[in-house]
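Visitor: Structure, please.
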Amino acid sequence: MLVLSRQRDESIMIGDNIEITIVDIRGDKVRLGINAPNTVPVHRKEVYQAIQRERSSPLKDAAGSAVKTAAPASNTETKPTYNPSATIPAPAD
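Guide: You can find the predicted model right below:
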């Protein structure tokens, strides 16, 4: 873990496009400003962990009950086949 000391209004850079600025310090709390591209998700750790738990849990309906998924279709389904001798009708004039 890299540990850096910063004062209010000072920043650190992560890579070329993520900037973290110390916005305010009040007692034992530090407020951070994070400037990152929209493609980079930024979450508090507890929110990130909740998202990960949700992704790894079974599907749930709106009431929070586990959703039963349908059994996979059998391999007996017929699929359309390509017929090279089939003709396409000419458009009507």
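
Visitor: Can you tell me what sits against the lowest-mean-pLDDT helix or strand in the chain?
Guide: Across the helices and strands of the chain, the lowest-confidence element by mean pLDDT, DSSP states H and E is helix 45-56, at a mean of 93. Where contact means C-beta atoms under 8 Å, 6 or more residues apart in numbering, the residues beyond helix 45-56 that reach it are His43. C-beta coordinates here come from the backbone N, C-alpha and C atoms, glycine included.

Visitor: Alpha carbons only: can I get it in CSV?
Guide: Written as CSV, here are the backbone C-alpha positions of helix 45-56 (Å, rounded to 0.1, in the frame of the first residue of the first chain):
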residue,chain,number,x,y,z
LYS,A,45,-15.9,0.2,-0.5
GLU,A,46,-19.1,-0.9,1.3
VAL,A,47,-21.2,-0.1,-1.8
TYR,A,48,-18.7,-1.9,-4.1
GLN,A,49,-18.9,-5.0,-1.8
ALA,A,50,-22.7,-4.9,-1.8
ILE,A,51,-22.7,-4.8,-5.6
GLN,A,52,-20.3,-7.7,-5.8
ARG,A,53,-22.5,-9.7,-3.4
GLU,A,54,-25.6,-8.9,-5.5
ARG,A,55,-23.9,-10.0,-8.7
SER,A,56,-22.8,-13.4,-7.1
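
Visitor: Have a look at the chain and report its longest strand.
Guide: Ranked by residue count under DSSP state E, the longest strand found in the chain is strand 18-26.
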